[in-house]
Every structure is written in C-alpha cells, then in structure tokens.
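**Q** here is a sequence together with a model predicted from it:
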Amino acid sequence: MDASTYDEFGNYIGPELASSSEEEEESDYEAEAVHGDMADGPDGMDRMDEQSDQEEHSGGESGGYSELTAMARRMDIAQTQVVLHEDKKYYPDAEEVFGPGVEALVQEEDTQPLTEPIIAPIKVRKFQVDEEEGLPDTSYTKEFLVDLLGYPAMTRNLAIAGHLHHGKTALVDLLVASTHVWPEWDKAAPMATPTTKMPKPSEKAFGYTDVHQLERQRGVSLKAMPISLVAQDTKGKSYALNIIDTPGHVNFFDEVVASLRLADGLVLVVDAVEGVMANTERIIQAAVRERLSITLVVNKVDRLILELKLPPADAYYKLKLTIEEVNSVIAACPLATPSMCLSPELGNVCFASTSFGWCFSLQSFAKRYVEEWDMPVSPKELAKRLWGDVYYHPERRTFMRKRAEGGKEAKRSFVHFILEPVYKLFALVTSEDEPRLRPALEALGVHLRKADYVMDVRGLLRRVLCQFFGPPTGFVDMCSAHVKSPVDNAAIKTEHLYTGNMDSEIAQAMRSCSADGPLVISVVKQYPSSDASQFYALGRIFSGTVTTEQAVRVLGENYTSGDDEDMALATVSGAWLYCSRYKIPVSGLSAGSWVLLGGVDGSISKTATIFDTTTVSEDDLAIIRPLQFSAESVMKIAVEPVVPTELPKMLSGLRKIGKTYPLVQTRVEESGEHVILGTGELYLDCIMHDLRCMYSEIEIKVADPVVSFRETVAETSALKVFGDSPNGKNRLTMISEPMEKGVAEDIESGKVLLSWPARQVGQFFESNYNWDILAGRSIWAFGPGDCGPNMLSDDTLPGETNKTRLRAVRDAVKQGFQWAAREGPLCDEPMRNARFRILSAELAESAIHRGGGQIIPAARRVCYSSFLTAEPRLMEPVNFVEIQAPAACVSAVYTVLGRRRGHVTHDAPKAGSPMYMIKALIPTIDSSGFETDLRTYTQGQAFCQQYFDHWQVVPGDPLDKGMVLRPLEPSSGQQLARDFMLKTRRRKGLSDDVSIDKFIDDPELLDIVKSFEAM
C-alpha cells in the first residue's frame, strides 16, 4: 500500500479510480432508460404502462423476463430511495410472525412484577394423600359393604381414641392391611424408634388415615379421619365397621369430641408401658358424657418384651395395673355405671402390638388351643379361665383358684397359655438362624419365603407374628359383643342429643333408627377436597334415607323454632362413603350409617342438622345439640396480610379455617385486628399452615401469641348503684356479687338450663347450693350466651316495683346484661362468676318512653357501675401440664417450672417403667415456649403435654393507680393484674385507665362511690 495516497487516518486521498466495465454498462443502461422516459413525456410513460400490461397478460419466456426486469428495477429504487427514521422497519410485525388474527398489545411499561415468571408453571393443588388408581382392591366388594350398611344390626360405629403415640393409627392400619391390598405395609418394617440406622419406609407404608400433608411431615395425627370396611369375627361372620381415627395430641381434643358424636362406642387405646395419661382421662370422661360403650385395647405389648425385658410373670402384673388404672378413671366419672367395668375375661379388652401386626382377645387365643388340641370346651369357657387368679398345673392338667394347691409347679393361666408362648416366639425369631428357625415356624403353621429370612429382625418378627396370629378377629368379636349397634343405641343417643319434642314423629323415627322415617342427619365435621377448593360435610344419619339430588333443609347451631334465620335450603349434589384415601360413591344411604355429603356446606359453620323438605314441616324442626367441649380456646394471635390488598383472600381463608377446626374462633377486635383463638401452640401453628398454604395462599404476618382474660368480682357491691336511661325517665338499681364455687362450671357444662321449668331450676340450686327456692326461680338469664358463667336475677319486691312494667322490659334488660357480660369494663374481656341482682326498677308509664333504645344502654351502664364497686379482679387461664422424664431430670423440670410461675402438684415414679410422672399447673400466658425450654434443660429426655384446666384470679388490684410499673421490666406479685390490664387495653386501642365516672351520672352517688374507693 502506497502511503502517499492515504492520510494518517487511513482515508484514500489519491487520484480518482476508473470504474469497471460492468458498472459502466449498468449506469449507462439506467441513464438511457430514465432519459428516454423523460424525453417521451406523458406519452412515453403511457407506453411503458401499456407495455407492462401486455407483459402481464402475455405468457412464455418474454413475459417472465419482463417481470424479472421490472422487479429488479423496483428493488434498485427501494434501496436507493430516502426512508424516514419513523418509517423504518427493524423487526417483523406480530401478524408476520404469528399469522393473522393475533392481537398485539403495546404497553409503555412492564406491568408484570419481577417475582412472577413470564410463563407461570402449572400448579398442581393437592394437599392430601389419595389412592392414585381409584378404588383399591379389598377382600370384599364395595357393593357388599354398601349393602351391609343397609342392615344397622350388622353395623358398628366406632371411635378409636387414646393418648399421643399410643398406637391408634397403627391399629387402623392393621385393620386396613387385613382387608385391603396394601403392598407398602407388607414390605415395610415396624414403625418404632430404631437402635440402628434403618431405611425410611415409603410414606404410603403407614398412617392410612393420615392423609393431610402436615400429618405426613410431623408424623402425628391432626385430623379425625373415618374409614368404612368389612371385617369378620372368629366365627366368620361379617360386620360393617365405620371407624374414625382421632388425634392423640391434647390440643386437638375437639376432633375427639366431634368423633364421639358420630360413634356408638369408644375403642380406647392405651400403651402397655405408659398406661393412663392426661389425655386418656379426658377421653374417658367425654365418652361417659356421651353415653358410649367403652372397650379397651392394651397396645405395644412388645415393649414389655423388647424394651423393659420384663419376665412373663411381671408383664402380667404390668398389664393388670394398666387395666385397673382405666377402671379407676371410669369409676370416678359421675355418670359411670358398674357395667362399664373392663376386664379381659368379660371380652371387652384386647391385647395388641400393632407395630408388629397382631391383636388378640382371650377368646380368639383360646380358639387356637381348642382347635389345635380338639378340646371338649368352647373358646368362651376356656377364655374365662385365662385371666385373674386362676392357675394351671401342667402335670395334673387342671385349673385351680389357689396356687398353694398346686405348689410351685402351678403357673398363672394367662402366663402359661399366652405370655410364655409369645415370649418364646419372640426369642426364637430374634436368636435363631434360618436352618433352625424354618422347621420350628412351619410346625406352628408359619410358612415364609426364602427372602423373608434375610430381612431385618423387626421386619421378620412382623412377618412371623402376622401369620401366627392371623387377622384381628378378636377385635371384631369385642366390638360386636360390647358395642351397641345403631339400632340398639338409637334411643339413648336421641334422648341425649335431640332438642325437639320426644313425642313427635321425628323423635320416634330417630329412636327406632327407621330408614323409612323423615330424614335427619347430624353433621359434625367438614373436610376439604384434595385441592381445598370445596368442602364436604360428614354426618350420621339418625333416621330416613339420603339420596343424591335430594332437596334438604340445613339448620345451623343457632336455629330456633321461632327464628329461621339460621336455616338454608340446599340440594345434595353427591353422597359418598368416606374411607380416608378414597371415597366410594353411593346413590343413597339409610339410617345408622355415616355419609359424606356434597353441596350442603354453604351455610354450615361448625355443626348442623339436616332435614328433608317433604316429610317434615317447619313447625316440627329442631336441632341436634351442638358439640360441647371441656376445653376452651384461650390462646390467640393477631394476623394481617403482608399486602393489604389481599385482605379479602385472608378473610375467605379464615372462614374456611372455621369450617375445618371445630374449636377455633375468629373475630375482629374494635381496633380492627383479626384475631384467631386456639387451644395451644401446635393448634395455632397448624391453622396458620392451612391458612397460608391451602386456603388463602398469601403471605401473612402474625403477632406474638397472647391469651384471653376474664373479669370477675371479689366481693359484693359496697352500695346499691343505679343507672338512668338516656331520656331520664327510667332507672334501674343493681348490685353485683360473686357466685358460689362450682355454679359457673355447672352452667357451662349444661347441668342446669334456663329452658327448664322455673320450678326445676329452683330445685337444682336448692339441692346443690342451698339456695332459697324463690332465688332459683327468679333467675332471668345466664350470659354471655345461653350457658355463660354469669347470672342475672330479679330480686325486686312487688310493693316497691311495678312487676308488670318490669316484665315488659325484661328482654331489653337481658340484652343489656348480655352486652355487659360479653365486654367487661376492665379491658373488654368477658365476665365470669359474677351475679347481678336487680333490686328496684322505676319505669316510665308510657311504653314509648321505655323502649329498647332506652333500657338496653341503661342496663349495661348499671351492670358496669355495680361491677366496678364490687372489687373487680382479672382472671387468667391456667394450663395443666403432664411431664414424663427420667429420675435424673426431675430437678431440671422444677427449675423450668419455677421460672414460669408454675408449681408441681404431683411427683411420683411410673409403676413398671423407668420414668417419673410430674403433674403441674402453669399460667397459659407463661406457657409459650415452655416445651422448648423443657427439652433444652433436660437434653430432650422430658416430654410434656399441656391443656387448659381452669381460670384463676391474677394477684393484685387492676384499678390500683398507686402501683408502680417499670418499663421494660417483667412485673411480679401484686403488679401483675394492673400490668395485664394496661397492656391489654393499649393493644385494643382503649384509654389507659378505667374510670367509673362515665357509668354514673348522679353526682351525689358518684361522690359516695369515690369516698368508698378512698377508704
């Protein structure tokens, strides 16, 4: 390259270069063509158009050549012409890319947030474990099960309940495995605490009724789940069993209460080592209140052999002690009868090791001996000699009542015939190899495959014991003989639960469990679908037959014969037998069965009563009594969505939460915060999981947990207090006083009802609390609600008060009392254990001047003023705590309790086990995080269960303004009551202090009240 022809920037500055011959020819051709056209003028242009038209209509080679020439000209012109910037086209249009008919949206900014993908993935909403291939294979046909349910005498409705981890779900698994094709259960090793690293079994290998995703993660039952199946007794007779598996955690006791409402009998499952625990006692008491038959399964007998390594004789005493503990709890119940006594010789007790797959009764075990040895006695007669102080002499082959008669050779019959063979079988399997084990097992009728002998010892034990004991026919014998059928139990259940006229046609049909009578269904639980998009209602049919597409009336808990506001019409869209992991669709079911209904849940909040619309008139309608819980929801949390615009989603989720949790309460405080009340930390944690993941699917903020308080009085009002109506023409005079101990509990438990005749109410208080007969008859109301622990009574004298006018405003006074009892003056919490007595009433002559707008606020104000003059106090909930710990950890347990205002009420070793049992009381407000602290201080060796027990008065006077509260320091002693009141008022947005001034208008009365306060 010559440097002289280019500058320093590389630009060419040399002489002009000659163009090539091809470029010269093209430029000459274009110039001539343009010059010729311009020279011809319009005529030339016309000739060009005519020529082009001719070329378009002509064919052959000349026409094709002309088209190519014209196209080349247009392309050359398009390349050289000037195009404006806004007319330039850099990208193809949507129509060119996607074809015609595509809508193109052009927006100035991206409205889709960065947190959302451009193309969202397909979300599969499934929150439960279901059978993937529809209905599973069973040892019976589904049609046979449905037909058998049509015979109530061949049906048993059972609730399986017990303490946490005592083996309730494992017992249901055993029944399912004996009737269903369940290969995962057959292949899995027993679920137990492993001593070495064992492979984790499939999630479908256990917990057939644990279908909720949270149950699978936590390994604990959280919901009561039903299942219906057909099982045979020792004689081969088939029974339809409606079984509901209940949670064992004390926080979910509401699920147990709902399950007992469906059942006719309780199957109580008790751990052979732990024995009767706190929740076991509560379950027995609830079953006795529901008038249910009680049977017992002593589970985990294998722990006596493998863990405690007790000899057979000691194992017998441990089993006997467990049964005696259960009988002592039953005998302590007020409504218990001697017929409820449990004993293996009576046939209402079974022994089981559900993790190893066996369960037997004395009769089923005796049947093996009778068949094996061809004994000339019946299994029932032999079973009577296999328990208690009955001994067997092997050489004489005789039974005797006293061991001294047989000497040392005589052995207790239960030990000789049952425990020793079981012990020998355990020892044989765990100690021998295949060459010696196979012939011994085949002699017992146990035939295993070659691959079974190389299994882990626990899996091999399950295979051997399952074949040796066979299906749980002894369990079916116990249920069929000692649990009443729906027909036999219908009269008891109707008289206990139905609130209508017992002489009506409906009640008669319910008593006889008639399939031809009016339809009556008691709905006690609601279950979400797998994707949580809809709800199904589970209920028990008391009479009649339900069919799909049937029109029904749904009565809520608040329905009364004079007020049909809580009644709705619905159509049954579907009916199923609910079997936990699958549903069997049915066209109809008759009385005595459990049914899962679709399409009726719209108006149901907790429980409901369903009637048909054709055979029952509205005048005869009455509800089945709502569920009554011994526990209360005292722990509460406040929730709000992270994004305020998602509040409707959260409210919809809260309504769904109320459907699935029987004891949960949701409310809106005056400050606007949404509050959820539950029974404990685990209960609230499960609620928040369902609210976030299943029902609202939004982010939710949660406040620190707090507790509910109650307001009460310690003394009678210092003086009579009166309140005037807004128009000044009406005056009510009242005093307030505390009620006797036990009255509030009797009212809450329903032992006394104001729906009774006045004479009966008076007799109740006269006989139980030595009240005057007139004092009992003068009770106007309980509050808040129909069974609230407060009382309003009329103590006016006819000579001082116009009784006619007072009776005319009775409803208005009761409404004012209910309002005051629901929101007390101290911190807007409900009142408790307070009795308000009306001493006089000055009412206007004209009815228009003593209407509800005048009387209701006056009654509320006078209730508040009389309450504040009776030494008001604050009450807090107290939890009962049951702690299991080794002896070395007892001192650490005392330390943790002492730091949380707790105190021990019972401390003793657990008989027959290496554990100590500690019972204590701890305030609920100090119980948050207690379990975590306990495990930290004891290195995880202590385990506790706690539940609400009672209300107790908080130390100190909440109205004592002289009490000094230091900020950022925990209060103690007499400061607690005022500290709790002030913090609660501030949280609710109320003023710091309570003043009686705004409840008393008369200045003279106000001066007197203040003089009493100053004293």
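**A** All right, it came through fine.
**Q** please report how far residue 642 lies from residue 985.
**A** 27 Å (C-beta to C-beta, to the nearest Å). Every residue, glycine included, has its C-beta placed from N, CA and C.
**Q** for the two, indicate the residue with more neighbours.
**A** When residue 642 and residue 985 are compared for neighbours, residue 985 comes out ahead with 18 against 10, by other C-beta atoms under 10 Å.
**Q** please name the nearest non-neighbouring residue to the more buried one.
**A** Closest residue to residue 985 apart from its sequence neighbours, by C-beta to C-beta, 6 or more residues apart in numbering: residue 827 at 5.0 Å.
**Q** quick one: that neighbour from residue 513, how far?
**A** Going from residue 827 to residue 513 by C-beta to C-beta gives 50 Å.
**Q** more neighbours, those two?
**A** The neighbour comparison of residue 827 against residue 513 (other C-beta under 10 Å) goes to residue 513, with 25 against 21.
**Q** what sits against that one?
**A** For residue 513, the contacting residues are 152, 486, 487, 490, 542, 543, 591, 592, by C-beta atoms under 8 Å, 6 or more residues apart in numbering.
**Q** doesn't the fifth one belong to a strand?
**A** Right, the one you point to is residue 542. Yes. Counting by DSSP: H, G, I helix; E, B strand; the rest coil, residue 542 is located in a strand.
**Q** all strands for the stretch 801-950 of the chain, in order.
**A** Remark: strands assigned in the stretch 801-950 of the chain by DSSP state E, counting those that start in this stretch are 834-842, 872-886, 903-909, 915-923, 943-953.
**Q** among those, which comes closest to residue 402?
**A** Proximity to residue 402 (C-beta to C-beta) singles out strand 903-909 among these, at 31.8 Å.
**Q** what angle separates that closest one from strand 915-923?
**A** 170 degrees (axes from the mean of the first three to the mean of the last three C-alpha atoms, to 10 degrees).
**Q** roughly how far apart are the residue nearest to the spatial centre of the chain and residue 705?
**A** Among the residues of the chain, the one closest to the centroid is residue 661, at 3.9 Å (C-alpha atoms, centre = their mean). From residue 661 over to residue 705 the distance is 16 Å, taken as C-beta to C-beta.
**Q** repeat for residue 438
**A** Distance, residue 438 to residue 705, by C-beta to C-beta: 59 Å.
**Q** go on, residue 682?
**A** Distance from residue 682 to residue 705, counting by C-beta to C-beta: 12 Å.
**Q** low-confidence ranges in the stretch 101-250 of the chain?
**A** Where the stretch 101-250 of the chain drops to pLDDT under 70, the residues are 107, 191-204.
**Q** now do the helices in the stretch 401-550 of the chain.
**A** Ranges of helices in the stretch 401-550 of the chain, per DSSP state H, counting those that start in this stretch, are 413-414, 420-431, 434-443, 457-469, 473-482, 486-497, 505-512.
**Q** list the helices and strands the second one packs on?
**A** Right, the one you point to is helix 420-431. Applying 3 or more C-beta pairs under 8 Å, 6 or more residues apart in numbering; DSSP states H and E, one finds that helix 420-431 contacts helix 302-306, helix 434-443, helix 457-469.
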